[in-house]
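[1] fold the stuff below for me.
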Amino acid sequence: MLCLSVMFPFMIHIIPVPEDSQLGQRLLPIFYAPLLAALLRRPGTAAAVALVAPWLNWALTSHPAPVGAIVLTIELLVFVLAMRVLLSRAGAAWYLAAPAYLLAKAAAAAAAAALPALIGGHEPLAWAVQCVATGLPGIAILVLINWLVPRLYPPGAAGGGPRLA
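    Below you'll find the model as predicted:
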């Protein structure tokens with residue numbers, strides 16, 4: 001999963017786009033591997049990926065910048081925690097990734113309200129709303145992953161499914 005958390009953003013960033021397009025912020029590839037781990041009921045793996053992925057990406061590609069890695073770490077940890085709670089309450093509902101992402105962004109905005117330097121001194125609520133608007137295609141991809149994984153790898157299916165993996 002950690003390898004995927006580095007490869008997804010790397011693959012997105014090598015797609016040729018105009019320089020002002022920030023494809024990573026639009027498609028949210030760093031969230032894919034933690035989401036997969038959460039959906040496969042591997043909370044320890046999901047938490048480890050959430051903690052390490054932004055920093056490993058920074059070490060290997062110099063992106064995101066360290067301040068951005070702090071914000072991403074907060075977002076990923078809250079995202080994974082929210083997915084765990086939502087999965088325990090709602091089962092494998094197809095839409096859970098969207099509210100988990102919104103909770104993660106709200107947590108990052110709260111952290112930015114306490115430490116405005118995390119987002120370059122921008123107003124936290126406006127920053128969060130802009131990030132969500134920019135990330136709508138990525139949220140759709142997260143929901144698609146959230147819909148596909150439980151159907152392709154149902155818990156407790158013949159052969160053990162992801163619970164025994």
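
[2] where does the protein have low pLDDT?
    Applying pLDDT under 70 to the chain flags residues 19-21, 156-165.

[3] gap between the most centrally placed residue in it and A90?
    The chain has F31 as the residue nearest its centroid, 2.3 Å off, counting by Cα atoms, centre = their mean. As judged by Cβ to Cβ, to the nearest Å, F31 and A90 stand 19 Å apart. Quick note: C-beta positions are derived from backbone N, CA and C, even for glycine.

[4] ditto for P155
    Counting by Cβ to Cβ - P155 and A90 are separated by 14 Å.

[5] repeat that for T73.
    For T73, the distance to A90 - Cβ to Cβ - is 26 Å.

[6] and the two? Which one has more around it.
    Between T73 and A90, counted using other Cβ atoms under 10 Å, T73 has the larger neighbour count: 18 against 12.

[7] quick one: contacts for that one?
    A50, L51, P54, W55 (Cβ atoms under 8 Å, 6 or more residues apart in numbering).

[8] equivalent analysis for I15, please.
    L23.

[9] assign it to helix, strand or coil.
    coil (DSSP: H, G, I helix; E, B strand; the rest coil).

[10] look up how far W127 lies from the closest residue to R84 other than its chain neighbours.
    For R84, ignoring the flanking residues on the chain, the nearest one in space by Cβ to Cβ, 6 or more residues apart in numbering is P43 at 5.3 Å. P43 sits at a distance of 29 Å from W127 (criterion: Cβ to Cβ).

[11] neighbour count: those two, which is higher?
    W127 (21 against 16).

[12] contact partners for the more buried one?
    W127 touches A109, A112, I119, counting by Cβ under 8 Å, 6+ apart.

[13] the first one contacts L125, correct?
    Yes: here A109 reaches L125: they are 6.2 Å apart, a contact under Cβ atoms under 8 Å.

[14] the two: who's more crowded?
    A109 (23 against 12).

[15] what sits against V71?
    P64, A108, A111, A112, L118, I119.

[16] closest to M83 among those?
    Distance ranking of these against M83, using Cβ to Cβ, places A108 first at 15.8 Å.

[17] wait, the closest one sits on H122?
    No: with contact defined as Cβ under 8 Å, A108 does not reach H122; the gap is 11.8 Å.

[18] may I see the buried residues of the helix ranked longest in the chain?
    Criterion DSSP state H: the longest helix present in the chain is helix 66-90. Within helix 66-90, the residues scored as buried using 16 or more other Cβ atoms under 10 Å are 68-84, 86-87.
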